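> Mind folding the following:
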Amino acid sequence: MADPITRVSGRAYPWGAKNIDTDIIIPAHWLKTTTREGLGKGAFETVRAVEGNVFDDPRYTGAPILIAGDNFGCGSSREHAAWAIADLGIKAVIAPSFSDIFSGNAFKNGIVPVVLPQAAVDRLVEAAQDGDVTVDLETMTVTTSYQDRFEFQLDAFRRDCLMQGLDEIGLTLAQDTAISKFESADAMHRPWISGRGLDASVAV
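Reported below is the predicted structural model:
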C-alpha cells in the first residue's frame, strides 16, 4: 500500500521538456536491479549530466512536483520509470499529456499524473521558478503562490485510490471478508474444486 495523497505542495521542477521517453527518465543500464530503492540516483541521468540542469539546481532540491511537456513518459512500458521518479521524491507530474502506459504505472506507484493545457503548463513553469505549486486532489486544482488556479480532471476510481493510498494489492486486501465468504460458500457447493470432497487415499 502507498501513502494516501490528498495534497502535494512545495517547490516544483520547472522543466517543461516535451516527448520525454522512459529511457531518458531511467536509462536501460539501471534496469538490472530487482528493487525500486535507489533508482532515484539514475533518474534523468543524461539530463543531469549537463551542467546547470534543473534537477541539480539547489532551488528545487527535494521538489515533490515535476512540470513537464507534452507526451511525457512515451517509449517503452518499463515500470522502472515510475519507480525512479517516486524514488526521487516526486509525487505529482504535471504535463499537457502522458503516455497511457506511463500514466497507469504512475497511478499504481502513488504518483499523481495531472493533465493541463499547454498554456497552463507554460504559466506553471514560469511561476515555479521562484514560488510553490500545490496539487489538491480534494478540489482537483493546481494553484501557485501567485494565486494561479487551474482545474484538472482525474478518473474517479484512480483519484479515490490515490487518496486512500490503495494499490492493486491494497484493493484486494480491502475485499478480504467478501473473498473469504465467497470461498467458503463455493467450497460447500463445489467441494471438488477446493479438494474437500476428494478421498484422501486417491493420489492426485
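> Pretty sure residue 164 sits against residue 4.
Yes - the pair formed by residue 164 and residue 4 meets the contact definition of C-beta atoms under 8 Å, at 5.8 Å. Just so you know, the C-beta spots here come from the backbone N, C-alpha and C atoms, and that holds for glycine as well.
> Just after the lowest-mean-pLDDT helix or strand in the chain, pick out the following helix or strand.
Ranking every helix and strand in the chain by mean pLDDT, DSSP states H and E puts helix 168-174 at the bottom, with a mean of 56. Moving toward the C-terminus from helix 168-174, the next helix or strand (DSSP states H and E) is helix 176-189.
> For that following helix, which helices and strands make contact with it?
For helix 176-189, the contact count by 3 or more C-beta pairs under 8 Å, 6 or more residues apart in numbering; DSSP states H and E identifies helix 191-194 as packing neighbours.
> From the chain's centre, how far out is the helix it packs on? Work that out for me.
On the basis of C-alpha atoms, centre = their mean, to the nearest Å, helix 191-194 sits 40 Å off its chain's mean C-alpha point.
> CA atoms only for that helix, dumped as CSV, please.
Extracted C-alpha coordinates of helix 191-194, given in CSV (Å, rounded to 0.1, in the frame of the first residue of the first chain):
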residue,chain,number,x,y,z
PRO,A,191,-16.2,-29.4,-2.8
TRP,A,192,-14.3,-30.9,-5.7
ILE,A,193,-12.8,-27.5,-6.5
SER,A,194,-11.4,-26.9,-3.1
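> and it, what's its mean pLDDT?
Mean pLDDT, helix 191-194: 73.
> Output the below-cut-off pLDDT ranges for this structure.
Along the chain, segments meeting pLDDT under 70 span 1, 167-176, 179-180, 194-204.
> residue boundaries of the strands in the protein?
If you assign secondary structure with DSSP state E, the strands in the chain sit at 7-10, 12-14, 65-67, 92-95, 112-115, 133-136, 141-144, 149-151.
> Sheet partners, orientation included, of the first one?
The partner list of strand 7-10 in its sheet, established with DSSP bridges, is strand 133-136 (antiparallel).
> same question, the second one
On the basis of DSSP bridges, the sheet neighbours of strand 12-14 come out as strand 65-67 (parallel).
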